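1. Task: produce atomic coordinates for the following.
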Amino acid sequence: MMDDKDWIAGAAKALAIIEAFDEEHARMTPTQVAARAGLSRTAARRYLLTLRELGYVDTDGKLFWLAPRVLRLGQSYLDSARLPRTVQPFLQRITATVQETALVAILDEHDVVYVARNGVNRAMAVGFVTGSRAPAPLSSAGLVLLASQAPDSIDEWLASYPIKVFTPYTYSTVERLREALGEIRRNGYAITDQQLEVGVRGIAVPLRDRHGAVVAAISVSMSIGEESASAALQRVLPTLQETASLLRNLV
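-> Here you go, the predicted structure:
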């Protein structure tokens, strides 16, 4: 617990303003921002105007929205963090071996964030771009990361997660999701078919550090096509497991 004298409330509030914007709240009035950030309207407006002056938000005089400069915050992580730089050559090796898009993701509350990626050289490569987010249960990487947590942490996470259904194959109940996480925990890998997008399959394994702690997930994303799930596992899983083993003393 940090000392109160070291806490800078203004920094926390400014970040809360930025995080108040999302896909469903792309453009908002100061009143709407205040409600989502837990601030008064007056305070929200002052922070919005300051962020506008700094180039992080824009406005038409009534509504406010995030400006492209916000992307610098995420890019700073990708440029400075050790994990993306360390795994990139290994992702290139995975792609060369299995001819599919390879990714590394970390867990951020209810989402996974893809921090590294290597795609195949074809026009319609499958998979997320670096920096993109997805609800954790809708990706093989997210499911592996969730299943790697302690049982109490999994229960707490499931209790707070709002189920989101994107396809007829999405896990639509907490009970089904809990069952899937148990199976993934026993197997040591995850395979998902069409959880987020019809026709897309993902396979993932946990990436552990030298102490055995799970720090990320390595996954492959592919079009299902005519290949069965068992055939895809046989083709891809050994390469993912070997890569995770090679990285264990490097992350």
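2. ok, residue 239 - how many residues close by?
-> If you count neighbours by other Cβ atoms under 10 Å, residue 239 ends up with 21. Just so you know, the C-beta spots here come from the backbone N, C-alpha and C atoms, and that holds for glycine as well.
3. pLDDT score for it?
-> Looking at residue 239, its pLDDT reads 98.
4. Same check on the one 4 residues further on?
-> In this prediction, residue 243 carries a pLDDT score of 97.
5. Contact partners for the nearest residue in space to it that is not next to it in sequence?
-> Take residue 243 and drop its neighbours on the chain: the residue closest to it by Cβ to Cβ, 6 or more residues apart in numbering is residue 90, 5.2 Å away. Counting by Cβ atoms under 8 Å, 6 or more residues apart in numbering, residue 90 touches 218, 243, 246, 247.
6. Could you save those as TSV and add columns showing distance to residue 3?
-> Output for those, formatted as TSV (distance: Cβ to Cβ, whole Å):
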residue	distance to residue 3
218	38
243	42
246	41
247	37
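7. Mind checking which of those residues land in helices?
-> 243, 246, 247 (DSSP state H).
8. could you flag which of those residues are buried?
-> Using 16 or more other Cβ atoms under 10 Å as the burial test, the ones in helices among the contacts of residue 90 include 243, 247 as buried.
9. and of the ones in helices among the contacts of residue 90, the nearest to residue 84?
-> residue 247 (12.4 Å; Cβ to Cβ).
10. I figured the closest one was touching residue 83, is that so?
-> No - assessed by Cβ atoms under 8 Å, residue 247 is found out of contact with residue 83, at 9.6 Å.
11. Quick one: the helices in the stretch 101-250 of the chain, in order.
-> For the stretch 101-250 of the chain, the helices defined by DSSP state H, counting those that start in this stretch cover 140-147, 151-160, 174-187, 229-247.
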